[in-house]
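J.: make a model of this:
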Amino acid sequence: MLSVFVVPEITNTDSITVDGDEAHHAIKVMRLNIGEEIIVTDGAGNWAQGLVSTVDKKSFAITVSRRGVEEQRTPQMIVIQALTKSDRMRETIELLTVAGVDRIIPWKAERSIAQEKDGSTEKWMAVAVAASKQSRRLRFPVIESALTTAQIIDRFGANLIVLHESASAKLSDLKFVDETPVVIVVGPEGGISDAELSQLSATAVRMGPQVLRSSHAGFAALAALQTLIARW
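T.: Got it, this is the predicted structure:
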């Protein structure tokens, strides 16, 4: 499996240089050597593959042999995730990223214990980038600032799929249109309140008799949906 490194831009040159933290990790931690084949990406789907041609103290370069673009897939997978404790939020972002989420929107749910702090979005994005590299994603997910219930309704209307343990419909009952984004709402550990469920006015579905943790539910739903739309 080829290692993936991030660069600000995939240029149209025969050689691409990697520096900064990416180069430091590759050189000092991974002990990257001349002749190794790797992939570099800008995180927006553009990528280049090639052999490492030079390794210096703070940078290295590859000679490009292949390049391309990982296109945005449809339907887009969006997860509105209730804020959880910091360690749980990190785990959630890792799981959603490797499961193929396109956009993560933290939610200030009524029963969320945690709050969004200054710099949270940047920290969460760093987690998503690391998970993307590990899973060889070349188009990284987008992570937004947290929204309130009212802001979610204003933006998405009733075009939402809410995971709820008391729903009568099953996730597998859903039908999808290729160009229409799939928006999944995951509540906090304390559950989605009756008032929120009423306000969201969305399609509520359950995922079997088991009740999953908030940090795991979105991952399970994405895995099931990827199978339903024949992507996996």
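J.: quickly list the domain ranges of this protein.
T.: As assigned by automatic domain parsing, the chain contains the domains 4-69, 77-228.
J.: would you agree Thr74 falls within a strand?
T.: No - per DSSP: H, G, I helix; E, B strand; the rest coil, Thr74 lies outside any strand segment and is coil.
J.: picking up where we left off before, could I get the domains of the chain as CSV with mean neighbour count?
T.: For the C-beta atoms, the positions are set from N, CA and C on the backbone; glycine is no exception. Converted to CSV, the domains of the chain look like this (neighbours: other C-beta atoms under 10 Å):
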stretch, mean neighbour count
domain 4-69, 16
domain 77-228, 18
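J.: which of these has the lowest average pLDDT?
T.: Among these, domain 77-228 has the lowest mean pLDDT, at a mean of 94.
J.: how about Ser3: what's its closest non-neighbour residue?
T.: Using C-beta to C-beta, 6 or more residues apart in numbering and skipping the chain neighbours, the partner closest in space to Ser3 is Ile38 (5.0 Å).
J.: residues in contact with the one you found?
T.: Leu2, Ser3, Val4, Phe5, Leu32, Gln49, Gly50, Val52, Ile62 (C-beta atoms under 8 Å, 6 or more residues apart in numbering).
J.: could you identify the most distant pair in these?
T.: Largest separation among these by C-beta to C-beta: Leu32 and Gln49, giving 14.7 Å.
J.: can I get the strand or helix carrying Val40 in CSV, CA atoms only?
T.: For Val40, the host element (DSSP states H and E) is strand 37-41. Presented in CSV, the C-alpha positions along strand 37-41 are these (Å, rounded to 0.1, in the frame of the first residue of the first chain):
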residue,chain,number,x,y,z
GLU,A,37,6.8,5.1,-4.5
ILE,A,38,4.2,7.4,-2.8
ILE,A,39,1.1,9.4,-3.6
VAL,A,40,0.7,13.2,-2.9
THR,A,41,-2.7,14.9,-2.9
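J.: could you check how far it is from the centre of its chain?
T.: Here the centre of mass of C-alpha atoms in strand 37-41, compared against the chain's by C-alpha atoms, centre = their mean, to the nearest Å, lies 20 Å away.
J.: tell me the first helix or strand C-terminal of that strand.
T.: In N-to-C order, the element after strand 37-41 by DSSP H and E is strand 46-55.
J.: check which helices and strands that next one sits against.
T.: strand 15-19, strand 37-41, strand 59-69 (3 or more C-beta pairs under 8 Å, 6 or more residues apart in numbering; DSSP states H and E).
J.: Ile105 is nearest to which of the ones you listed?
T.: Among those, the nearest to Ile105 by C-beta to C-beta is strand 37-41 (23.4 Å).
J.: the closest one: partners in the sheet, and parallel or antiparallel?
T.: strand 4-6 (parallel), strand 46-55 (antiparallel) (DSSP bridges).
J.: how far off strand 59-69 does that strand point, in degrees?
T.: Per axes from the mean of the first three to the mean of the last three C-alpha atoms, to 10 degrees, the angle that strand 37-41 makes with strand 59-69 is 70 degrees.
J.: just to revisit the earlier point, which residues does the residue nearest to Ser3 form a beta bridge with?
T.: Under the criterion used (DSSP bridges), Ile38 bridges to Gly50.
J.: check contacts around the most centrally placed residue in the chain.
T.: In the chain, the residue lying closest to the centroid (C-alpha atoms, centre = their mean) is Thr97, at 3.2 Å. Counting by C-beta under 8 Å, 6+ apart, Thr97 makes contact with Val127, Ala128, Ala131, Ser132, Ser135, Arg137, Phe140, Pro141.
J.: so the third one is in contact with Glu94, correct?
T.: This points to Ala131. Yes - using C-beta atoms under 8 Å, Ala131 is in contact with Glu94, at 4.5 Å.
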